[in-house]
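Participant: need a 3D model of the sequence below.
(one chain, ligands or ions: 1)
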Amino acid sequence: QFPRQCATVESLRSGMCCPDYFPVFGPGTDRCGVSTGRGRCVQVTVDSRPHGPQYIHDGRDDREQWPIRFFNQTCRCNGNFSGYNCGSCRPGWSGPTCSQRINIVRRNLLDLSAEERRRFVNALHEAKVTIHPDIVIATRRREEIFGPDGNTPQFENISIYNYFVWSHYYSVRKTFLGAGQQSFGGVDFSHEGPAFVTWHRYHLLQLERDMQNMLQDPTFGLPYWNFATGQNTCDICSDDLMGARSNFDVSLISQNSIFSQWRVLCENIEDYETLGTICNSTEGGPIRRNPAGNVARPMVQQLPEPEDVAQCLEVGVFDTPPFYSNSTDSFRNTVEGYSDPSGKYDPAVRSLHNLAHLFLNGTGGQTHLSPNDPIFVLLHTFTDAVFDEWLRRYSADISTYPLENAPIGHNRQYNMVPFWPPVTNNEMFVTAPENLGYSYEVEWPGRALRVTEIITIAIVTALVLVAIIFAAATCIVRVKKNKDELHQPLLTDQYQHYSDDYDGIPTPSQSVV
Ligand SMILES: O=C1C=c2cc(C(=O)O)[nH]c2=CC1=O
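Facilitator: Numbers count the residues shown, from 1 in each chain. Next up, the predicted model:
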């Protein structure tokens, strides 16, 4: 969440997090790369518009008006410069002056060659075991951030992949209300609201960027899992991809997969909730996964259908009041999966993204843990591909993205929790190829016809056929009539013939047909 340089008593006390880019003349002399025009240190802007009624504990949570409880000054970068010290480029740009356009292609995981699959799996594992070069995480709430002695900032190093896991946990954690009091769960900074799509988009961009830097490969792109197969099997759960099922325990991953060795972060949810602590970088047990194995909930034993994606893309309004998990006719609530694929809200339904999570039936199906299963990355790139297609089809119409009264964290101008430097939901509401430097190699299913459409087409076809038959019959009758008229001898000729050689028996030319 915060740059290592800012995890100090001085930085926290001053509220300034503007690290140097290249401090030739000593610390603090090149904040935000100011000496080379990269950026400068400015006041943080926070969203102070009202949030929706779901959150009732204002003043009790560090994530309110993010990131003001920790820092009120940050770098603002010029042009295409970006990052915590303006030392990197905005997504879609590269080069020493960030003036070269780049486009990263996100492909279907199943289309990767054997060598590409191997490289992707290895890259994920490297991210799991490589300490994040820039970022550290807070392991205590702001109230306790200086530690028991009041002078020891409570931050920890974390690996690149585990930071991805931790960010998701931090965004969904309950609000601690004090020892002996039940933590408040009616809060989620990344789900059940319009920020669902923008938050997860930035979450993926950040992992992709971190992995590009780690691999020193600026072309590295995260693949996607097209989970809308309608099947009751996980087609990417093979040992060359996300790991097959173990032969020894149905809910574990095969030992032939590196992912069987991964250990899960943020498992001790009861501790965090009762003690008011925060998940740290300590890992616990293995990833659990039992696709289609939830016998108690048959509805989540089958993945979404291709048709569901097609239908969801027909929902033309981005979000609808109350901008929550009970919104109806909302594209966001439909792709998130609280509405049925046509957009109708139904509390009993789980579809698209939610259904894919629940189908996994294990670590990947529990919100505070789900990114621990690497399938999360692929499930969300596909969800993001659907969002991007929606943005393309509807010209990124942001008019129904609420400026206020969305659940806390979800207003258009809210800085997404817990990212640093501050980035608003707004900034992710743009088409990816043109604005964020990546695109999806994907073909969208055509939409099957509705019953009313089938009936209309049948009626129109029948009417057209009747019209054609009628026209043809009229034509035939006319032609026949014309022919008859042509073959009808003139009366005078007839008289002539009869009078010329009449012998009482008409010749063939004289017979009347
Ligand atoms: O990790 C997640 C797990 C989820 C479960 C549901 C549900 O609909 O019950 N939704 C989820 C979202 C997640 O991100």
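
Participant: near the ligand, which residues of the stretch 51-200 of the chain?
Facilitator: In this structure, the stretch 51-200 of the chain approaches the ligand at residues residue 191, judged by Cβ under 6 Å from any ligand atom. No exception for glycine: its C-beta is placed from N, CA and C like everyone else's.

Participant: show me the contacts for the residue in the stretch 51-200 of the chain positioned nearest to the ligand.
Facilitator: For the stretch 51-200 of the chain and the ligand, the shortest gap (Cβ to the nearest ligand atom) falls at residue 191, measuring 5.7 Å. Contacts were defined as Cβ atoms under 8 Å, 6 or more residues apart in numbering; by that measure residue 191 touches 172, 325, 336, 367.

Participant: interface residues of the chain facing the ligand?
Facilitator: Taking Cβ under 6 Å from any ligand atom as the test, the list of the chain residues beside the ligand reads 191, 350, 354, 357-358, 365-367, 370.

Participant: which residues does residue 299 contact?
Facilitator: Shown here is residue 299, whose contacts under the criterion Cβ under 8 Å, 6+ apart are residue 350.

Participant: can you read off the pLDDT for it?
Facilitator: At residue 299 the predicted local confidence, pLDDT, stands at 96.

Participant: quick revisit: which one of the contacts of residue 191 is nearest the ligand?
Facilitator: residue 367 (4.0 Å).

Participant: can I assume the closest one is in contact with residue 173?
Facilitator: No. Under the criterion of Cβ atoms under 8 Å, residue 367 is not in contact with residue 173, lying 9.9 Å apart.

Participant: neighbour count for the two, which is higher?
Facilitator: residue 173 (26 against 16; other Cβ atoms under 10 Å).

Participant: that one is in contact with residue 278, isn't it?
Facilitator: Yes. Taking contacts as Cβ under 8 Å, residue 173 lies within contact range of residue 278: 7.3 Å.

Participant: between those two, what contacts are shared?
Facilitator: Where contact means Cβ under 8 Å, 6+ apart, the residues bridging residue 173 and residue 278 through contact with each are residue 272.

Participant: with adjacent residues omitted, what lies nearest to residue 300?
Facilitator: Closest residue to residue 300 apart from its sequence neighbours, by Cβ to Cβ, 6 or more residues apart in numbering: residue 358 at 4.0 Å.

Participant: how about that neighbour, what does it touch?
Facilitator: 294, 297, 300, 350, 365.

Participant: output the residues you listed as a markdown table; include the columns secondary structure and distance to residue 97.
Facilitator: Output for the contacts of residue 358, formatted as a markdown table (DSSP: H, G, I helix; E, B strand; the rest coil; distance: Cβ to Cβ, whole Å):
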| residue | secondary structure | distance to residue 97 |
| --- | --- | --- |
| 294 | coil | 52 |
| 297 | coil | 54 |
| 300 | helix | 50 |
| 350 | coil | 48 |
| 365 | helix | 45 |
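
Participant: between those residues, which is nearest residue 81?
Facilitator: Relative to residue 81, the closest of those is residue 365; by Cβ to Cβ it sits at 39.6 Å.

Participant: which residues does that closest one contact?
Facilitator: Taking Cβ under 8 Å, 6+ apart as the contact definition, residue 365 lies against 357-359.

Participant: below-threshold pLDDT in the stretch 201-350 of the chain: ranges please.
Facilitator: Applying pLDDT under 70 to the predicted model, the stretch 201-350 of the chain contains no residue that meets it.

Participant: now the helices for it?
Facilitator: Applying DSSP state H, counting those that start in this stretch to the stretch 201-350 of the chain gives helices spanning 269-275, 306-312, 331-336.

Participant: deepest of the ones you listed, which one?
Facilitator: Per-stretch averages of neighbours, counted by mean count of other Cβ atoms under 10 Å, single out helix 331-336 among the helices of the stretch 201-350 of the chain, with a mean of 28.

Participant: same for that one, what does it pack against?
Facilitator: Helix 331-336 is packed against helix 195-215, helix 306-312, helix 352-360, helix 375-393, with contacts defined by 3 or more Cβ pairs under 8 Å, 6 or more residues apart in numbering; DSSP states H and E.

Participant: right, so of those helices, which gets closest to residue 23?
Facilitator: It is, among these and with distance given as Cβ to Cβ, helix 195-215, at 20.9 Å.

Participant: list the buried residues of that closest one.
Facilitator: Taking 16 or more other Cβ atoms under 10 Å as the basis for neighbour counts, the residues of helix 195-215 that come out buried are 195-214.

Participant: quick revisit: just the buried ones from the contacts of residue 358?
Facilitator: When neighbours are counted using 16+ other Cβ under 10 Å, the contacts of residue 358 contain these buried positions: 294, 300, 350, 365.

Participant: can you lay out the residues of the chain next to the ligand as CSV showing distance to residue 61?
Facilitator: Written out in CSV, the entries for the residues of the chain next to the ligand read as follows (distance: Cβ to Cβ, whole Å):
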residue, distance to residue 61
191, 16
350, 28
354, 25
357, 25
358, 27
365, 26
366, 21
367, 17
370, 22
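
Participant: and which of those residues is nearest to residue 125?
Facilitator: residue 370 (18.7 Å).

Participant: the closest one: what's it in contact with?
Facilitator: By Cβ under 8 Å, 6+ apart, the residues touching residue 370 are 168, 357, 363-364, 376.

Participant: need phi/psi at it.
Facilitator: Its backbone dihedrals place residue 370 at phi -50, psi -40, with angles given as degrees, to the nearest 10.

Participant: okay, it: pLDDT?
Facilitator: According to the model's per-residue confidence, residue 370 sits at a pLDDT of 98.

Participant: circling back: can I get the helices and strands packed on helix 331-336 in a markdown table including distance to residue 44?
Facilitator: Compiled in a markdown table, the helices and strands packed on helix 331-336 are given as follows (distance: least, Cβ to Cβ, whole Å):
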| stretch | distance to residue 44 |
| --- | --- |
| helix 195-215 | 17 |
| helix 306-312 | 36 |
| helix 352-360 | 31 |
| helix 375-393 | 27 |
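
Participant: surely residue 40 touches residue 73?
Facilitator: No. Counting by Cβ under 8 Å, residue 40 sits too far from residue 73 to count as a contact (10.2 Å).

Participant: on the three-state scheme, residue 76 is what?
Facilitator: When the structure is reduced to helix, strand and coil (DSSP: H, G, I helix; E, B strand; the rest coil), residue 76 reads as strand.

Participant: excluding chain neighbours, what is closest to it?
Facilitator: Residue nearest to residue 76 in three dimensions, not counting chain neighbours: residue 42, with 4.5 Å by Cβ to Cβ, 6+ apart.

Participant: again, but for residue 1
Facilitator: For residue 1, the nearest residue in space outside its immediate sequence neighbours is residue 418; the separation is 4.1 Å by Cβ to Cβ, 6+ apart.

Participant: same check on residue 378?
Facilitator: The spatially closest residue to residue 378, leaving aside those adjacent along the chain, is residue 225, at 3.6 Å (Cβ to Cβ, 6+ apart).

Participant: quick check, the residue in the stretch 301-450 of the chain closest to the ligand?
Facilitator: With Cβ to the nearest ligand atom, the shortest gap between the stretch 301-450 of the chain and the ligand falls at residue 370, namely 3.0 Å.

Participant: distance check, that residue against residue 165.
Facilitator: 9 Å (Cβ to Cβ, to the nearest Å).

Participant: shaky segments in the stretch 351-500 of the chain?
Facilitator: 447-458, 475, 479, 483-500.

Participant: now do the helices in it.
Facilitator: Read by DSSP H, counting those that start in this stretch, the stretch 351-500 of the chain holds these helices, from start to end of the chain: 352-360, 375-393, 432-435, 451-487, 491-501.
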